[in-house]
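Chemist: 3D, please:
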Amino acid sequence: MPLTMPSERLEEVGFLFEDPYDEPTFAEYHPAGTRYESETAPIAMRYYPYNRCAVVRCRDCQRHYLRYNEAGGYFTEIRIRALQPGLVIDAPSG
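Modeler: Next comes the predicted model:
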């Protein structure tokens, strides 16, 4: 989450999951060898991290982002990615 984007400027508009208690997969979808932090990585809704995302909108610029909580061994960190419709794909669950 960039420091230049205060979280109070973002409003939740939806979620990419139905049941918050469901245990979605941690498998990622990268058929072209990308990584989830790659700018051209596909946004595959059934795969990590998108299967845990909230859709948020910036109150200032009206852009939409995907936001999720990255939970490591001893930390949690809020991360976001700009929602780019051209990268959204309907990949079958694996």
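
Chemist: could you list the low-pLDDT ranges of this structure?
Modeler: Counting by pLDDT under 70, the chain contains low-confidence ranges at 1, 3, 94.

Chemist: again, 50 this time
Modeler: Along the chain, no part satisfies pLDDT under 50.

Chemist: mind listing the helices for it?
Modeler: Taking DSSP state H, the chain contains no helices at all.

Chemist: touching, residue 42 and residue 91? I think so.
Modeler: Yes: Residue 42 is within contact range of residue 91, at 7.0 Å (criterion: CB atoms under 8 Å). Quick note: C-beta positions are derived from backbone N, CA and C, even for glycine.

Chemist: between these two, point out the one with more neighbours.
Modeler: Using other CB atoms under 10 Å as the criterion, residue 42 and residue 91 rank with residue 42 on top: 20 against 14.

Chemist: who touches both of residue 42 and residue 91?
Modeler: Residues touching both residue 42 and residue 91 by CB atoms under 8 Å, 6 or more residues apart in numbering: residue 29.

Chemist: how near is residue 71 to residue 37?
Modeler: The gap separating residue 71 from residue 37 is 16 Å, by CB to CB, to the nearest Å.

Chemist: with residue 53 instead?
Modeler: In terms of CB to CB, residue 53 sits 14 Å off from residue 37.
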